[in-house]
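S.K.: sequence and predicted structure are below.
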Protein chains: 2
Amino acid sequence: MTYLDHIKACNNANPSRYVPFRIDGMSLGALRPDFATALSALGPDFVRDENGEFCFAPHIGTLDDRNRSLDTATKALCDQGVIRRLHGERFDIRPTLGHDPLCQLDRSAMPYFGFRSWGVHMNGYVQKDDGIHMWIAHRAKDKPTYPGMLDNMVAGGQPTGLGFLENMIKECAEEAAIPENLSRNLKPVGTVSYLYETTEGLKPDVMVNYDLELPADFVPRCADGEVERFELMPLAKVAEIVRSSFDFKFNCALVIIDFLIRHGFLTADNEPDYSQLTTGLHRNIFR
Amino acid sequence: MTYLDHIKACNNANPSRYVPFRIDGMSLGALRPDFATALSALGPDFVRDENGEFCFAPHIGTLDDRNRSLDTATKALCDQGVIRRLHGERFDIRPTLGHDPLCQLDRSAMPYFGFRSWGVHMNGYVQKDDGIHMWIAHRAKDKPTYPGMLDNMVAGGQPTGLGFLENMIKECAEEAAIPENLSRNLKPVGTVSYLYETTEGLKPDVMVNYDLELPADFVPRCADGEVERFELMPLAKVAEIVRSSFDFKFNCALVIIDFLIRHGFLTADNEPDYSQLTTGLHRNIFR
């Protein structure tokens, strides 16, 4: 296998199989046909327009209207077993970061509606005499999603009401007990985006990424039970795991490839797929 | 204006107006219809297939055959005034960096054939107490292309026969008199790609980018007459020039926006177009 296989794995979706979901005339979501049918059956809040595309009915005109409607719908569909479970945390739905949220949706319902979601990921590393060593998280074996897989040092969804850096600092404290005098060195370094598909639906995701250089004597502590243990590995070893396996949770592999490129480990001279990696990491999911 | 206007300016092309040019069955170039007609009129080396797409005739089967054929054609078309001028330096034509070159073409003829071309760009900077200061080049007023505009500290096309880092080190010496004990700190940091269109044709370009941190006491010297002078500016001033003007040569603005993102100057919290910038800088030109 090659690094490029991770780009392919994270972009496994066939969006043509989905029914567009529009808000204020903008195509922001995409429904599996069977989910669209279940949503229709709930009542008059969701309608199909003349092109067969879904939208809120005209009487659902404000953010509060939309939130009430989504809230009722997701609870009903969860009771029916159409949506597997609800999370409790809510994500903003908006066309771009510069746009006010149009509504909010339970995090676990996001893929059923195919709305774009944002998250934060952090690669923590130590600069040693022999080069960069990276902190890798082993996910807890009892975590409901991707148990036991490798992960970036800290990551989390981007919930309603927090800034991105603010959220990243909070996750650093909660997941790895990183104190604020260290997390204040977090460096925003860009995004990675992909279009993934699961049995639940479509996941057009943007990961907002941070680097954090840590002192050699700092040891992270699993603070909230999401991580079994942290391991500090030479960057070449991390790279080799990514290049030769799917041991990392699918999207975390991309965040590491982006790190390997930005820190000059993968180059135009040593990686035949360099250009396809840099474009593949930044798929345009804003259609 | 916004940073995003630079992405739009560098992606002004309408590829549907061009006729694909295939080599070994792969669509690698694109011709303006009038250039395709002029190429056809030269003789039997270039043919149209059953889909109206251009390719080499079956008797042109090897790299040497293709080079001879392109050489003859470009000289003839230059004599006819169809191609404005030839450069002398040759670029490799290949589908990806991992593929052996299929032929070579004069650098100035590249847009007429619409082949993808690679270049190297370097942002040189000094880390001061008040933050990053960036070295900016003022292009010579008698340069044939983009005279007097602002530019990255060092940049150049990627000619046949050199490695990328090797080429970058050579350009650093030639353009800014940067000695090898400094240029050995060059850090490869990724690519930026775009699809540009001029009166000459299509330019699907990949810029392979490097950062170079320089000591505060180093002063670059204009070594080959391409640059009138170098100026060290606080990063915020460079950012403001890019955000508010087209003073930089079109593609150099993108290399600076990429730097601003990787170094945490533009973030998801302060730049409404953050996600569209990160995807827009990495357009997939590998179709």
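M.R.: Everything's here; your move.
S.K.: tell me which parts of the stretch 151-287 of chain A are close to chain B?
M.R.: A:163-165, A:187-191, A:193, A:206, A:208, A:261-264, A:267-269, A:271-276, A:278-286 (C-beta under 8 Å from any C-beta of the partner chain). C-betas here are computed from N, CA, C, even on glycine.
S.K.: in PyMOL, select just the buried ones from these.
M.R.: Here is the PyMOL command that picks out the buried ones among these, judged by 16 or more other C-beta atoms under 10 Å in any protein chain shown:
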select buried, chain A and resi 164+165+188+189+190+191+193+206+208+261+262+263+264+267+268+271+273+274+275+276+278+279+280+281+282+283+284+285
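S.K.: go through the residues of the stretch 151-287 of chain A next to chain B and flag which are in strands.
M.R.: A:187-191, A:193, A:206, A:208 (DSSP state E).
S.K.: farthest-apart pair in the residues you listed, please.
M.R.: Comparing every pair within these by C-beta to C-beta identifies A:Lys187 and A:Ser193 as the most remote, at 19.4 Å.
S.K.: endpoints of stretch A:92-108, how far apart?
M.R.: This stretch, stretch A:92-108, spans 13 Å end to end (C-alpha to C-alpha, to the nearest Å).
S.K.: same thing with stretch A:122-140?
M.R.: End-to-end distance for stretch A:122-140, by C-alpha to C-alpha: 18 Å.
S.K.: wait, does that stretch contact chain B?
M.R.: No: applying C-beta under 8 Å from any C-beta, one finds stretch A:122-140 separated from chain B by no less than 12.1 Å.
S.K.: ok, back up a step: among the residues of the stretch 151-287 of chain A next to chain B, which are in helices?
M.R.: Using DSSP state H, the members of those that fall in helices are A:164-165, A:261-262, A:274-276, A:278-280.
S.K.: take the ones in strands among the residues of the stretch 151-287 of chain A next to chain B and write them to JSON lines, including pLDDT.
M.R.: Formatted as JSON lines, those follow (pLDDT from 0 to 100):
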{"residue": "A:Lys187", "pLDDT": "98"}
{"residue": "A:Pro188", "pLDDT": "98"}
{"residue": "A:Val189", "pLDDT": "98"}
{"residue": "A:Gly190", "pLDDT": "98"}
{"residue": "A:Thr191", "pLDDT": "98"}
{"residue": "A:Ser193", "pLDDT": "97"}
{"residue": "A:Val206", "pLDDT": "97"}
{"residue": "A:Val208", "pLDDT": "98"}
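S.K.: residues of the stretch 1-150 of chain A that sit close to chain B?
M.R.: So far as C-beta under 8 Å from any C-beta goes, the stretch 1-150 of chain A lies against chain B at A:96-99, A:118.
S.K.: show the buried residues in the residues you listed.
M.R.: By neighbour count, with 16+ other C-beta under 10 Å, those hold A:97, A:118 as buried.
S.K.: nearest to A:Ile83, of the residues of the stretch 1-150 of chain A next to chain B?
M.R.: Nearest to A:Ile83 among the residues of the stretch 1-150 of chain A next to chain B is A:Trp118, at 20.7 Å by C-beta to C-beta.
S.K.: report pLDDT for the closest one.
M.R.: A:Trp118 carries a pLDDT value of 96.
S.K.: quick check: it is in a helix.
M.R.: No: applying DSSP: H, G, I helix; E, B strand; the rest coil, one finds A:Trp118 to be strand, outside a helix.
S.K.: OK, contacts around the closest residue to it other than its chain neighbours?
M.R.: In this structure, A:Trp118 finds its nearest non-sequential neighbour in A:Gln158, 4.0 Å apart by C-beta to C-beta, 6 or more residues apart in numbering or on different chains. Taking C-beta atoms under 8 Å, 6 or more residues apart in numbering or on different chains, we find A:Gln158 in contact with A:91-92, A:117-120, A:164, A:167, A:208.
S.K.: now the strand or helix carrying A:Tyr125: how far from the chain's centre is it?
M.R.: Assigned by DSSP states H and E, A:Tyr125 falls within strand A:117-128. The chain centre lies 13 Å from the centre of strand A:117-128; the measure is C-alpha atoms, centre = their mean, to the nearest Å.
S.K.: for that strand, packing partners?
M.R.: strand A:90-93, strand A:131-139, strand A:150-152, strand A:154-157, helix A:164-176, strand A:201-213, helix A:250-262 (3 or more C-beta pairs under 8 Å, 6 or more residues apart in numbering or on different chains; DSSP states H and E).
S.K.: that one pairs with which strands, and in what direction?
M.R.: As defined by DSSP bridges, the strand partners of strand A:117-128 come to strand A:131-139 (antiparallel), strand A:154-157 (antiparallel), strand A:201-213 (parallel).
S.K.: so what touches the first one?
M.R.: When you say that, I think you mean strand A:131-139. A:123-126, A:146-154, A:175-176, A:214, A:220, A:226-236, A:238, A:249, A:256, A:259, A:263, A:265.
S.K.: in the stretch 151-287 of chain A, which residue sits closest to chain B?
M.R.: Among all residues of the stretch 151-287 of chain A, A:Pro272 sits closest to chain B, at 2.5 Å; criterion: C-beta to the nearest C-beta.
S.K.: that residue reaches B:Pro95, doesn't it?
M.R.: No: counting by C-beta atoms under 8 Å, A:Pro272 does not reach B:Pro95; the two are 10.9 Å apart.
S.K.: sorry, back to before: for the residue of the stretch 151-287 of chain A closest to chain B, what are its contacts?
M.R.: For A:Pro272, the contact set (C-beta under 8 Å, 6+ apart) comprises B:96-99.
S.K.: any chance of those residues in JSON lines, plus pLDDT?
M.R.: Shown next, in JSON lines, are those (pLDDT from 0 to 100):
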{"residue": "B:Thr96", "pLDDT": "89"}
{"residue": "B:Leu97", "pLDDT": "89"}
{"residue": "B:Gly98", "pLDDT": "88"}
{"residue": "B:His99", "pLDDT": "92"}
